[in-house]
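*Asks:* predicted structure and sequence below. I'll ask about it afterward.
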Amino acid sequence: MSGFARPLKIALGLAVIAALIIVPMNFNRYGLFILSQWAVMSIAAMGLNLTLGYAGQVSLAQGAFVGIGAYAAAIMTTHGWPLPAAILVAIVLSFAIGWVLGYPALRVQHHYLAFVTLAFSTLAFLLFRNESWLTGGIYGISNIPRPHIFGIATNKPLPFYYVCLGSLAIVSLAVWWLIRSPWGRAFMALRENPLRAQSLGIDTRRYTLMAFAIGSALGGVAGALYAPLTQYIDPVPFNLSLSLDLLLMVIVGGAGFYFGPFLGAMIAVLLPEWLRFTEGYYLMLYAVAVMLLLIWSPTGILGILDRYLAERRTKAASALRAVAKSRLETVQ
Amino acid sequence: MSAVLEVTDIKKSFGGIHAVNGVSFDVRQGEILGLIGPNGCGKSTLFNCILGQLTPTDGEVKLDGQVVTGLRPSELNKLGVSRTFQLLQVFPKLSVRENLILAGQEHQGNMASRLVGRSDAGLTEAANQMIGFFKLDHLADEPAGGLSYGQQKLLDAAMAFMGGPRLVLLDEPAGGVNPSMLADLKERLVAINREKNATFVVIEHNMEFVMSLCSRVMVMAEGKVLAMGRPDEVRKNPAVIEAYLGH
């Protein structure tokens, strides 16, 4: 799909992975927290990228699923359950709720669907805030423990960063597999032309529900990691603005591109830190940067790269044709 | 020969407009039935009713004697009914080969095996054969959106055959295709009809194409069947000349 040679791509990938493992060893507590947050948000954004970027179903509820996962993990681990069990419950719960939330998408699309999911997002927030017997209400849940993985305590920032990074690696591989499978192709068909997809035997109802359920399940995974990362949760981080942030990550990175969410999450999580020296102006600069980007390239940052590579391919192809033509003329 | 498709008294109204107003016909195994008629006479609406894209107001559709009225398009496709569209409907960002794999993948295995199994659903070989059959070899890895209109029409037709259908409904396959490519397309359709004993229903305005391809022709006007018969019979029918062929 891309113009890079395969060995170069593999080398680049390995270098990035090595850097993600080695470089943070020298980071302070805060740097590790930010990087762990990037890993967690990348997982949530990847989920939304499946639902929105690949399958074309607009959702403003991804933040709510992060909340569902976070509360599931917080409640379970503070009651003595191990984190992997909590992650499993978060996946099953988010998958099931995401499946149900997919039903409106069988009837309405685009901005109507956005409003349905927005309403769900608000509903989830109210549940987190009001059902204090379960969620601790506005006081939230504190002292969320970090897990022991293979007998190693991950209380310190660096080991827990590796938990987040490892989880990101597993999710990345799973998503890579999914989008390369016939399911991924069916999701894209759903986005591009549902009518034609149906006539080719693609059960658009089932794939739409699956796109919602799987995307939501990844939101749940992110939440189940977010809870032990911050070790304290309350309803505020999971309000509508998180859903909008995640949407922004997917769009800015490049919806429907595999690496879009990694890049989008990096910008959304790291840019505010880098722009901190501007003090009060950073949100304004961020807003202006996003507007300019989307005017220039509605398909996000990876959209720019994709366009550039497509242009280069076209040029290469026409150059080949020109050479072939001149040879023909010489022969004549 | 037995009937593959039996359509009985299909009606479809939009508000007060009777787009299809009581159409009955059957299509025999291995037949190529042409469907002609002036614009707006209800041909495409009839197709959509048969294919489950529209629910008929009244009437019945039978496939091999089984009632299939009201089934969803994807379910009908699984039963071996395929179609092409009047307007181009390929997936422009996917390559030609990927389009063909997509067109066949739902006929391989089940949901679970399509998730854990091979990414091409074992269809690369079949897709390559189809590409060769439709003479699209040099374009196999090109994004379908970059093909010429005529080439996309060929791909659209090829996609309809990937699932190994027994009945294919083609909506204006020749529209906008240049004469040499049209001859190719006709040759391909006849070959598939002979080799696979596949049954076709073809909507088309290109009379030469219809009359030379089809064994029977059905003429529609104002939502009803005006005439049905061999091409030469239909061509001489005064009512048909009056309504459609005339001038």
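*Replies:* It's in.

*Asks:* sec struct for A:Gly80, please.
*Replies:* Of the three states, A:Gly80 takes coil under DSSP: H, G, I helix; E, B strand; the rest coil.

*Asks:* from chain B, how far out is it?
*Replies:* 34 Å (Cβ to the nearest Cβ, to the nearest Å). All C-beta atoms are positioned from the backbone trio N, CA, C, and that covers glycine.

*Asks:* ok, now A:Arg276?
*Replies:* A:Arg276 is 39 Å from chain B, by Cβ to the nearest Cβ.

*Asks:* apart from its neighbours in sequence, what residue is nearest that residue?
*Replies:* A:Tyr282 (6.4 Å; Cβ to Cβ, 6 or more residues apart in numbering or on different chains).

*Asks:* need the contact list for residue 160.
*Replies:* Going with chain A. Residues in contact with A:Phe160, defined by Cβ atoms under 8 Å, 6 or more residues apart in numbering or on different chains, are A:32, A:36, A:146, A:154, A:228-229.

*Asks:* to clarify, I was referring to chain B.
*Replies:* Contacts of B:Ala160 by Cβ under 8 Å, 6+ apart are B:82-84, B:103, B:168, B:170.

*Asks:* tabulate the residues you listed (TSV), appending distance to chain A and neighbour count.
*Replies:* Formatted as TSV, the contacts of B:Ala160 follow (distance: Cβ to the nearest Cβ, whole Å; neighbours: other Cβ atoms under 10 Å in any protein chain shown):
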residue	distance to chain A	neighbour count
B:Ser82	7	25
B:Arg83	5	26
B:Thr84	9	23
B:Ala103	5	31
B:Val168	11	24
B:Leu170	12	25
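
*Asks:* of all these, which comes closest to A:Leu294?
*Replies:* Distance to A:Leu294, by Cβ to Cβ, is smallest for B:Ala103 among the contacts of B:Ala160, at 34.0 Å.

*Asks:* mind listing residues that contact the host helix or strand of the closest one?
*Replies:* In this assignment (DSSP states H and E), B:Ala103 forms part of helix B:96-105. Contacts to helix B:96-105, defined as Cβ under 8 Å, 6+ apart, come from residues A:182, A:185-186, A:189, A:200, A:202, B:90-91, B:94, B:114, B:120-121, B:123-124, B:126-128, B:130-131, B:136, B:139-142, B:144, B:147, B:155, B:158-160, B:162-164.

*Asks:* show me which of these are buried.
*Replies:* A:182, A:185-186, A:189, A:200, A:202, B:90-91, B:94, B:114, B:120-121, B:123, B:126-127, B:130-131, B:136, B:139, B:144, B:147, B:155, B:158-160, B:162-163 (16 or more other Cβ atoms under 10 Å in any protein chain shown).

*Asks:* in helices only, show me those.
*Replies:* Residues of the buried ones among the contacts of helix B:96-105 located in helices (DSSP state H): A:182, A:185-186, A:189, B:114, B:126-127, B:130-131, B:155, B:158-160.

*Asks:* still on that earlier bit, pull the number of nearby residues for the residue nearest to A:Arg276.
*Replies:* 16 (other Cβ atoms under 10 Å in any protein chain shown).

*Asks:* just say helix, strand or coil for it.
*Replies:* Strictly by three-state DSSP, A:Tyr282 counts as helix.

*Asks:* is it in contact with A:Leu270, as I believe?
*Replies:* No: with contact defined as Cβ atoms under 8 Å, A:Tyr282 does not count as touching A:Leu270 (11.8 Å).

*Asks:* report the central residue of chain A.
*Replies:* A:Ala45 (1.5 Å; Cα atoms, centre = their mean).

*Asks:* please report phi then psi for A:Ala96.
*Replies:* Note on A:Ala96: its backbone torsions stand at phi -70, psi -50 [degrees, to the nearest 10].

*Asks:* count of neighbours near the residue lying closest to it once chain neighbours are set aside?
*Replies:* Of all residues not flanking A:Ala96 in the chain, A:Ala213 sits nearest, at 7.5 Å (Cβ to Cβ, 6+ apart). By the measure other Cβ under 10 Å, the count of residues near A:Ala213 is 20.

*Asks:* and the longest helix seen in chain A, what does it pack onto?
*Replies:* Longest helix of chain A, by residue count under DSSP H: helix A:300-331. Secondary-structure packing of helix A:300-331 (3 or more Cβ pairs under 8 Å, 6 or more residues apart in numbering or on different chains; DSSP states H and E): helix A:240-253, helix A:260-274, helix A:282-296.

*Asks:* highest mean neighbour count out of those?
*Replies:* With neighbours taken as mean count of other Cβ atoms under 10 Å in any protein chain shown, those reach their highest mean count in helix A:240-253, at a mean of 23.

*Asks:* kindly export that one (C-alpha atoms) in CSV.
*Replies:* Output of helix A:240-253 as CSV, limited to C-alpha atoms (Å, rounded to 0.1, in the frame of the first residue of the first chain):
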residue,chain,number,x,y,z
LEU,A,240,-18.5,14.1,26.8
SER,A,241,-15.2,16.0,26.3
LEU,A,242,-13.3,12.7,26.5
SER,A,243,-15.4,11.3,23.6
LEU,A,244,-14.7,14.5,21.7
ASP,A,245,-11.0,14.3,22.4
LEU,A,246,-10.9,10.7,21.2
LEU,A,247,-12.8,11.7,18.1
LEU,A,248,-10.3,14.5,17.5
MET,A,249,-7.4,12.0,17.9
VAL,A,250,-8.8,9.7,15.3
ILE,A,251,-9.6,12.6,12.8
VAL,A,252,-6.3,14.5,13.3
GLY,A,253,-4.2,11.3,13.1
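
*Asks:* run through who's touching it.
*Replies:* So helix A:240-253 is contacted by A:41, A:44-45, A:48-49, A:52-53, A:59-64, A:66-67, A:117-118, A:121-122, A:125, A:219, A:259-265, A:267-268, A:290, A:293-294, A:300-302 (Cβ under 8 Å, 6+ apart).

*Asks:* change it to 7 Å
*Replies:* A:41, A:44-45, A:48-49, A:52-53, A:60-64, A:66, A:118, A:121-122, A:260-265, A:267-268, A:290, A:293, A:300-302 (Cβ atoms under 7 Å, 6 or more residues apart in numbering or on different chains).
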